[in-house]
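Peer 1: What would the 3D arrangement of this be:
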Amino acid sequence: MRQRLSRLQLGIAVLLVLLAAAPCWAEPALSEVVHACVLLEQGKQAFEQQQASEAEQCLTEAARLRPQWYLPHQWLALVYQKAGNKEAALHSYRQIQLASLESSDSLRMNPPKYTDALLDCEALMAWLINKTRWEAGIQCVLPEPRLAQVARQHSMEMRDLHYFSHESPVSGRRTCVDRFENLFEFSPQLIAENVARRWGTGDFLTPEKMRQTHRAFLSTTSHRRNLLMASVERLGVGIAVDDKGNYWVTELLARYQDE
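Peer 2: Model (predicted):
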């Protein structure tokens, strides 16, 4: 994570140069962006130094200044998770999942009428994963919208092509590494994938259904090992659903350096 901090510092320096060269009318907006970047940097450093109160203050203000910016919410989710503030953590996780939808250019879609429920369910699954890790004494993983895109695309592909497997029948998308590389355009250092399918009955996109799915993952050795892997740093959750109430879940836990 240190590499990402240095890149953000470089970005702040570039913004400061732009601010110095910008016309007077542009300065307030650009100054706000720079301020938000500085606050984000300070919040991340405070989080890594276990200064939770300072981290929350910096990240909350950064989110206020840039309401459409998901980056503060990545870290706020973990701040609130560790503090036991479930409601606030779920809000931030939901912002990450929403960002993953807004940046997606896929032709595969979930039925629009389920969008809100799916965002809530994906956020809850992310919270449950980090709750399990934190209670086991393992560091929480950072929610990542692009990783959520990769996960959701696999869930929707399984739904649309009527299969259930880690291995895709589509050339170029066979493995989770292939699917990661297609979006990120570089290879992960480490990646693990959990998949689940559930057949719907009655109200299916509910917190209890998500908890059941999470407990099912924990009940199997391979899935539990993935969820509790200490060497991963990032998390992506993606759910697909059909009109019959069936749903597919893909969870990705990974370690990589942005290029």
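
Peer 1: CA only for contacts and neighbour counts going forward, please
Peer 2: Fine.

Peer 1: List the buried residues of the host helix or strand of Q153.
Peer 2: Assigned by DSSP states H and E, Q153 belongs to helix 145-161. For helix 145-161, the neighbour count (16 or more other Cα atoms under 10 Å) marks 145-159 as buried.

Peer 1: next SSE after that helix?
Peer 2: Assigned by DSSP H and E, the successor of helix 145-161 is helix 176-184.

Peer 1: Any regions of the stretch 51-200 of the chain where pLDDT drops low?
Peer 2: Along the stretch 51-200 of the chain, the parts satisfying pLDDT under 70 run over 103-107.

Peer 1: Contacts only, for E167.
Peer 2: R174, T175, C176 (Cα atoms under 8 Å, 6 or more residues apart in numbering).

Peer 1: so the first one makes contact with S168?
Peer 2: Yes - using Cα atoms under 8 Å, R174 is in contact with S168, at 4.4 Å.

Peer 1: Settle it for me: which of the two has more neighbours?
Peer 2: Counting neighbours by other Cα atoms under 10 Å for R174 and for S168 shows that S168 has the greater number, 19 against 14.

Peer 1: List the residues that contact the more buried one.
Peer 2: M158, R174, T175.

Peer 1: Just the closest of these to P111, please.
Peer 2: Distance to P111 across the contacts of S168 (Cα to Cα) is lowest for M158, with 15.2 Å.

Peer 1: Which residue, other than its chain neighbours, is closest to the closest one?
Peer 2: F164 (5.7 Å; Cα to Cα, 6 or more residues apart in numbering).

Peer 1: Measure how buried the one you found is and give me the count.
Peer 2: F164 has 16 neighbours, counted by other Cα under 10 Å.

Peer 1: And the helices in the protein, which stretches?
Peer 2: Taking DSSP state H, the helices of the chain run over residues 2-21, 27-48, 52-65, 71-83, 86-102, 115-135, 145-161, 176-184, 207-218, 221-227.
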